[in-house]
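Colleague: Sequence plus predicted model, see below.
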Amino acid sequence: MVEKVRMEQVTKEYVMGSKAVKAVNDVTISITEGEFIIILGPSGSGKTTLLNLISALTLPTGGKIFVGGREVTALSSREATRFRAEHVGLVFQFFNLFPTLTALENVEIGVALKIKNPQELRRRSLEYMKLVGLEGMEDKFPDQLSGGEQQRVSVARALAMEPDLLIADEPTGNLDAETGEEIWTLLRELNDRTGTTVLAVTHWGEAARYADRTIFLRSGKVEKIVSKALES
Ligand SMILES: Nc1ncnc2c1ncn2[C@@H]1O[C@H](COP(=O)(O)OP(=O)(O)O)[C@@H](O)[C@H]1O
Ligand SMILES: [Mg+2]
């Protein structure tokens, strides 16, 4: 089994005036290639901070993080940008699509730093539009798509670069319950089909049923880790 992500005693402390908050507090976890991991915790428990640390958007105040064998906590900010562009697919709560670009162009943008050949870029983007169930919607603009469809575009954008790791921060936080379940089902299917390691954060408890393992976060600490095999 190949280890995809390792966090060793990672702490992130924010100091605001005289108050210090440990948003992430001494977290040690290991994630295996191909796993579907859900991080579950209430608002303010450190979920977004944890993801930002793994994607090297922010540096910890203590500890080390490895992604795909690379120590991301040792990267310069320039190297970190490159690391994200090449190795991490990101999905956000509010989709973050460019309103003036079509669905297909939004997918292409996410991959353009990695694939320079325009024909290959187009071919790859079409392939992933299809994979997320949006064949025929390529020329629509984001405001012509439902929330669920927009999130599918952003999932296609994140996956088309064929990342080491797909990171999703509250991917269903802006969707109704039914559409949210469709997105969880899609992420699970894509994980099964492509073998991409998925790390998704939510405060919706039932999302755990889609995961191989669920990491419960509370006040920046890992409260418990539940494996599906043990649960059922
Ligand atoms: N940039 C920041 N500066 C100061 N405090 C922060 C910052 N980001 C997060 N925090 C604090 O860290 C804690 C965890 O935040 P966050 O990771 O956003 O939690 P979650 O995503 O689970 O809601 C909160 O108490 C929050 O106020
Ligand atoms: Mg958050």
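Modeller: Cool, the structure landed. Residues are numbered from 1 along each chain as shown. Ligands and ions are numbered 1, 2, ... in the order given.
Colleague: For stretch 75-94, list every residue counted as buried.
Modeller: Buried positions in stretch 75-94, judged by neighbour count with 16 or more other CB atoms under 10 Å: 75, 80, 83-84, 87-93. Heads up, the C-betas are built off the backbone N, CA and C, glycines and all.
Colleague: which two from those end up farthest apart in space?
Modeller: 75 and 93 (25.7 Å; CB to CB).
Colleague: Show me which of the buried residues of stretch 75-94 is closest to residue 204.
Modeller: Closest to residue 204, out of all of these and judged by CB to CB, is residue 93, at 11.9 Å.
Colleague: what pLDDT does the closest one get?
Modeller: For residue 93, the pLDDT comes out at 91.
Colleague: and it, what are its phi and psi?
Modeller: phi -60, psi -40 (degrees, to the nearest 10).
Colleague: pLDDT score assigned to residue 232?
Modeller: The per-residue pLDDT reported for residue 232 equals 48.
Colleague: Residue 19 now?
Modeller: For residue 19, the pLDDT comes out at 93.
Colleague: cool, and the one 3 residues further on?
Modeller: The predicted local confidence for residue 22 comes out at a pLDDT of 97.
Colleague: Does the helix or strand that it is a member of reach ligand 1?
Modeller: Taking DSSP states H and E as the definition, residue 22 sits inside strand 19-32. Yes - judged by CB under 6 Å from any ligand atom, strand 19-32 comes into contact with ligand 1 at 21, 23.
Colleague: correct me, but residue 121 touches residue 110?
Modeller: No - using CB atoms under 8 Å, residue 121 is not in contact with residue 110, being 10.2 Å away.
Colleague: before we move on, the earlier item: go through the buried residues of stretch 75-94 and name the one nearest ligand 2.
Modeller: Using CB to the ion, residue 93 is the member of the buried residues of stretch 75-94 that lies nearest ligand 2, at 8.1 Å.
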